[in-house]
Structure formats: C-alpha cells, structure tokens
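Chemist: can you look at this prediction? I've put the sequence above it.
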Amino acid sequence: MLVLWRWGADAAQGLLALVRMLAQLLLVGYVLVYVFEADTPWVVLAVLFVMVVAASWIALRTVSSLRGPLYRYAFFSVLLGGGLTLALVTQAVLDLDPWYEPKFVVPLAGMIFAASMNSVSIAAERLFAELERDVPYLDARRIALKAGLIPILNTLLAVGLVSLPGFMTGQILSGVSPLIAVRYQVMVMCMIFGASGLSAALFLTLARR
C-alpha cells in the first residue's frame, strides 16, 4: 500500500479491494452455510447466476469507459465459457449425484468463473490498447488472447516446480494421499485453462462489433 501511494498508483483502489475482500469473505461464509443446508438446485443456480453477473462486471474494470456496451458480451463469454467447463467437470468428470451437489458445484464454479473473469479482463484491456495504436483487429485479437492467457500459462508451467496450489495443499493437509490430490489438481488446472481460453476467445470475437 505504501508503494502504491508513493508511486501515485491508486492506493485508494488497493485499500478498497482489501476491505471488500474481508467483507465479502465474511459474508460468503454465512451464505455458503445456507446454500449447503438448503441443498436445492434453484438456490445453487441463483448463486451461480450472481457469480456470473459479478464476474462479468468486474472483468470490464480495465475498460471501465466501455462497460455499458461491452457488458452483454462479457456476460455471455463468462457464462458460456465458464458454464460449459463447469458442466463438463461436474457431470462428465466427477459425475455428481445429484447434479447440483452444492459442496462441489459452488466452489468449482468460483474457481472457473474467476478464471474466466481474469482472462476476459486482461484480454479486453490489451485488445483496446492495441486498437488505439491502430493495430489491425485480427492482430490485436491474437495479441489480446495471448495476454489473457499469461496468468494460467505461467501457473501451468510453474505448478509442482515453483508452487503447490492451494487446492492440492488443502487436500494434503486434510490427510488425503498426495497421489489423489494430484489427480484433483490436474482436473482443476485443466478446467481453469479451458474456461480462461474459451471465455477470452468468445469475448474477443464478440467485441469486434
């Protein structure tokens, strides 16, 4: 925070983000207790809808002046890219019964939609930065997609060498065999990569309008 303030890099926004993080995590604890106890598909679907709405809005923070005209594209990209990935993981890989099992669907949806949000956010910023430099759209789209995938590609390259992801670490600490934890982590990394790529590509295609 001190560096942000001294460098004039919007320390107020950093402070606001920290305060919101604290408030949101405290609140979500109570919400998840209710969601898990309710154990009904409509409550789970409502939570997923709120996630998509919020992720789409936050994703456009990097191009805030264009939030209005771009929001529907961001919403559709996060919904379709993340939603397809979530359906594949929960219904084909994990084969949940019931299909809406809250303790699995909600946490996995959080990771997936967050990945979609981040890739769309970075891709949007890079796309319009390149277009402002009069770069042709197809070249700008390619540059933006590569930029949007930088975080997940770095994670894929570093996992196991530089970092042990939180999901895997949490399972190991809870007593799960490392070999089982690794299998789940592979699933998580693949779903995040898929959601990021699909959502960013969809947004960049729609944003051409």
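Modeler: Good, I have the coordinates.

Chemist: quick check: longest helix of this protein.
Modeler: For the chain, the helix that runs over the most residues, judged by DSSP state H, is helix 102-132.

Chemist: tell me the gap between that one and the middle of its chain.
Modeler: 4 Å (C-alpha atoms, centre = their mean, to the nearest Å).

Chemist: please apply the same query to stretch 87-107.
Modeler: 17 Å.

Chemist: export the lowest-mean-pLDDT helix or strand in the chain as PDB, just CAs?
Modeler: Least confident helix or strand, the chain: helix 166-173 with a mean of 77, by mean pLDDT, DSSP states H and E. Taking C-alpha atoms only, helix 166-173 is exported to PDB below (Å, rounded to 0.1, in the frame of the first residue of the first chain):
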ATOM      1  CA  GLY A 166      -4.000 -24.200  -2.600                       C
ATOM      2  CA  PHE A 167      -6.500 -26.900  -3.700                       C
ATOM      3  CA  MET A 168      -3.900 -29.600  -3.600                       C
ATOM      4  CA  THR A 169      -2.200 -28.300  -0.400                       C
ATOM      5  CA  GLY A 170      -5.500 -28.200   1.400                       C
ATOM      6  CA  GLN A 171      -6.300 -31.800   0.500                       C
ATOM      7  CA  ILE A 172      -2.800 -33.000   1.600                       C
ATOM      8  CA  LEU A 173      -3.200 -31.100   4.900                       C
END
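
Chemist: mind listing what's buried along that helix?
Modeler: Buried residues in helix 166-173, defined by neighbour count with 16 or more other C-beta atoms under 10 Å: 167, 168, 171. In this view, the C-beta of every residue, glycine as well, is placed from N, C-alpha and C.

Chemist: you'd agree the last one is up against residue 183?
Modeler: No: Residue 171 is beyond contact range of residue 183, at 10.0 Å (criterion: C-beta atoms under 8 Å).

Chemist: in this protein, which spans are helices?
Modeler: Going by DSSP H, the chain shows helices at 2-6, 11-38, 41-59, 67-87, 102-132, 137-148, 150-158, 166-173, 178-206.

Chemist: from the contact counts, what lies against the shortest one?
Modeler: Looking back up the chat, that one is helix 2-6. Applying 3 or more C-beta pairs under 8 Å, 6 or more residues apart in numbering; DSSP states H and E, we find helix 2-6 packed against helix 11-38.

Chemist: which residues belonging to the helix it packs on are considered buried?
Modeler: Across helix 11-38, burial judged by 16+ other C-beta under 10 Å covers residue 35.
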